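Student: Provided below are the primary sequence and the corresponding predicted coordinates.
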Amino acid sequence: MSALPVVDAASDTAGTTAAFALTDAARRRRLAIALVVAAVLLIAAGLMVGSQGWSWSAFRADLADTQAGLILGEIRLPRTVGALMVGGLLGLSGAVAQGLFRNPLADPYLLGSAAGASFAVVLVLTAGSMSGHAIGFATAAWLARFGLVAAAFAGALAGVLLTLALARGAQEGVRLLLAGVVVGVVLGAASDLFTTVSPEALRGKQVFMLGSTGFLGWASVTMLGAGLALALPLGMRLSRALDALSLGDDSAASLGLDLPRIRMALVVLLAMCTGLAVSQSGLVAFVGLVAPHLVRRCAPAPHAYTLAASAGAGGVLLLAADVLARGLIAPQELPVGVLTALLGGGYLLWLLHRRRVA
Amino acid sequence: MMNLLIDSLPRWGRVGVRAWAVALKGLVCLRRRRPHPSPLPGGEGVLSRCIVLFAAMTAAATAHAQPIELRDDRGATYRFTAAPQRIVTLLPSITETVCALGACAKLVGTDRYSNWPASVLLLPKLGGLEDAQVERIVALRPDVVLAAKSARVIDRLEALGLRVVVVESQTHADVKRSAQLIATLLGRPQEAQRLWQEIERDMDRAAARVPAALRGKRVYFEVSSAPYAAGASSFIGETLARLKLGNIVPPALGPFPKLNPEYVVRARPDVVMASRIAVDSMAARPGWQTLAALHGHSCGFETQPYETLIRPGPRMGEAALLMADCLAGLESPR
């Protein structure tokens, strides 16, 4: 990663001069190593921390137990790896969104995917609870089999498609953003309406909005892994375009970029990553927003590095939050979204503060 | 009382009395800072007809009704000159209690979730606990509003001069106490006794129906798929204990803890109870397909019976019977 040519103007450290390039490279290496070490440590912690809290002796007992394969192999390991991957997808799509819109406040949920996914979830929950009343049993059974995961994924994609339709394609960044806001508000209102009519859907919706990593199994991990394996190389391929885009539309176009096509490709990447993450774990807060910030603050770099490192940072952040959520009040759990916000927000504030002091 | 009277006046007279009543309410509110003053009869000079009617009806009311005094679940004391005739309820279990005490006809509105008995479906729906429609409630001119402690709307309604009696129901003891409170308010205190005896009788019948082989078996009762469980200290847990069943969630974890799913797998419950949709989706959760209870020892309840189970109200006996019937239908445990 660090061997890539430095295009400082491409990141938000436009003022950095070539003299600092070497230290930037060192910082990038340091961040990459730190992320890998943190990921390894957290995976180990994720395997150890379960419904019995942080207890070395309980972990030893689990290993010796006949249930080891079930508890550790079927529940904790996929949950741990899954959390890392969901965080990775969110971090990656956050970095794509912030690059695409040249806006540090952009997050992966911006283009209507979050609202679309939660609307779909509410629809399925409502349909489930209304079986026998307003809709037939066959429809309800079909929806139940269709499942929340598939519904959330389809909903996320539909939300983004709706945004694209309203913005008449991806030609203009601002129009796309505004259309995303509109879709978010309208679909959000629609799901509120449905929960008013069918209050049974309310709690399910709340769980989805808070995000949860509790039900990630090997099937989820396979899907997430496949998604990451597709998305990361695609992101790398588009990273040079993101670098060019950060110079402004005109400059990017003068560099010979087919902007509408590139934007469309980025939006598709964003939608697929976000949809996949959201369908598996709900709307985990803040990871997609904060991970790219952490990366840029620690190690300014071109987008190829920022995308990959944001994926890493997102994964580490979500996994850390998950381990804490499991361990702090075991055997009860905290909502993982609350902890991502606390951890990510706290760290970002500390970074900002430190930079100002320096 | 006042409202009945106002309804019986001709239109122009009604306006006069209302104006006077509102002014008086405001005045008393301001002077004493007490949330629910009851306007005193007499002293108005609107029309002689009004006064005659007023006096006659007041006399009729006081002839058969003793003043009702009670203290609600947040400690506020109330004095009603007569049993309230127009009641708004803002919680399904309270609605059910009012109806079970035989006062369904006095309900003029409920929250949107109240759906039992069927007659309350026809009443105006006034929003939920946290988003109640203040204006519509006030327009219904209730003599009393019954709500749970968490309702944010309480302060607003009281500021508007309504009497709000707060009823809290978390445990069996709470249900018994709130039934007593509501029965006192309704002017029929002996009804609470009857209602509670019915609940007790149903619980005993339910306990007798549980197959002997299932006694002492440990239950996992899921109230939401995060997963939230009904612990031993919840009213559902108390009902399970009445049925001589165990609970995988000890009282120390509180009534409805959000559990680590791993905890359930590790605890290996003998029986699983939840809504039908939840039970159907459980086997797909990582590691859960190994739960023996999901293979022939699960009780999945359809929406309406499930609502009976999760409301701490007069239908708790019925809920116990529902659980017992499901248990009786299960094959004997391996």
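Tutor: Done, it's in. Keep in mind the model is a prediction, meaning the values are calculated, not measured.
Student: for the stretch 201-334 of chain B, what spans make up the strands?
Tutor: B:218-224, B:228-229, B:246-247, B:271-275, B:298-301 (DSSP state E, counting those that start in this stretch).
Student: Could you export those strands to CSV, including columns for mean pLDDT, distance to residue A:223 and mean neighbour count?
Tutor: For glycine as for every other residue, the C-beta is placed from the backbone atoms N, C-alpha and C. Listed next are the strands of the stretch 201-334 of chain B as CSV, based on pLDDT from 0 to 100; distance: least, C-beta to C-beta, whole Å; neighbours: other C-beta atoms under 10 Å in any protein chain shown:
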stretch, mean pLDDT, distance to residue A:223, mean neighbour count
strand B:218-224, 93, 25, 23
strand B:228-229, 92, 26, 24
strand B:246-247, 96, 35, 21
strand B:271-275, 94, 26, 25
strand B:298-301, 94, 27, 21
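Student: In TSV: these, plus distance to residue B:76.
Tutor: Output for these, formatted as TSV (distance: least, C-beta to C-beta, whole Å):
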stretch	distance to residue B:76
strand B:218-224	30
strand B:228-229	31
strand B:246-247	35
strand B:271-275	36
strand B:298-301	37
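Student: ranges for the helices of the chain?
Tutor: If you meant another chain, say so; for now it's chain A. According to DSSP state H, chain A carries its helices in the segments A:21-48, A:56-64, A:68, A:77-101, A:113-129, A:137-166, A:173-197, A:200-210, A:218-245, A:249-254, A:259-281, A:287-298, A:303-327, A:336-357.
Student: oops, I was thinking of chain B
Tutor: Secondary structure of chain B (DSSP H): helices located at B:2-8, B:11-32, B:48-64, B:92-100, B:134-139, B:153-159, B:172-185, B:190-209, B:235-242, B:261-267, B:276-282, B:303-309, B:316-329.
Student: and the gap between residue A:172 and residue A:249?
Tutor: Using C-beta to C-beta, to the nearest Å, we find residue A:172 at a distance of 9 Å from residue A:249.
Student: Which single residue in the stretch 151-300 of chain A comes nearest to chain B?
Tutor: Chain B sits closest to residue A:217 of the stretch 151-300 of chain A, with a gap of 3.0 Å, by C-beta to the nearest C-beta.
Student: what does the stretch 101-250 of chain B put close to chain A?
Tutor: Taking C-beta under 8 Å from any C-beta of the partner chain as the contact definition, the stretch 101-250 of chain B meets chain A at B:112-113, B:128, B:224-228.
Student: Determine which two of those residues are furthest apart.
Tutor: Spanning the widest gap among these are B:112 and B:227, at 26.3 Å by C-beta to C-beta.
Student: Could you count how many residues lie near the residue in the stretch 201-334 of chain B positioned nearest to chain A?
Tutor: Across the stretch 201-334 of chain B, the shortest distance to chain A (C-beta to the nearest C-beta) belongs to residue B:286, at 3.0 Å. Residues lying near residue B:286 (other C-beta atoms under 10 Å in any protein chain shown) number 25.
Student: Isn't it up against residue A:217?
Tutor: Yes: between residue B:286 and residue A:217 there is a contact at 3.0 Å, judged by C-beta atoms under 8 Å.
Student: what do the two both touch?
Tutor: A:74-75, A:78-79 (C-beta atoms under 8 Å, 6 or more residues apart in numbering or on different chains).
Student: I'd like the helices of chain A as TSV, with mean pLDDT appended.
Tutor: As requested, the helices of chain A are exported to TSV (pLDDT from 0 to 100):
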stretch	mean pLDDT
helix A:21-48	91
helix A:56-64	84
helix A:68	81
helix A:77-101	95
helix A:113-129	86
helix A:137-166	80
helix A:173-197	90
helix A:200-210	82
helix A:218-245	94
helix A:249-254	87
helix A:259-281	92
helix A:287-298	91
helix A:303-327	95
helix A:336-357	84
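Student: would JSON lines of these with mean neighbour count be doable?
Tutor: Compiled in JSON lines, the helices of chain A are given as follows (neighbours: other C-beta atoms under 10 Å in any protein chain shown):
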{"stretch": "helix A:21-48", "mean neighbour count": "16"}
{"stretch": "helix A:56-64", "mean neighbour count": "13"}
{"stretch": "helix A:68", "mean neighbour count": "12"}
{"stretch": "helix A:77-101", "mean neighbour count": "29"}
{"stretch": "helix A:113-129", "mean neighbour count": "26"}
{"stretch": "helix A:137-166", "mean neighbour count": "19"}
{"stretch": "helix A:173-197", "mean neighbour count": "17"}
{"stretch": "helix A:200-210", "mean neighbour count": "20"}
{"stretch": "helix A:218-245", "mean neighbour count": "19"}
{"stretch": "helix A:249-254", "mean neighbour count": "14"}
{"stretch": "helix A:259-281", "mean neighbour count": "24"}
{"stretch": "helix A:287-298", "mean neighbour count": "26"}
{"stretch": "helix A:303-327", "mean neighbour count": "28"}
{"stretch": "helix A:336-357", "mean neighbour count": "16"}
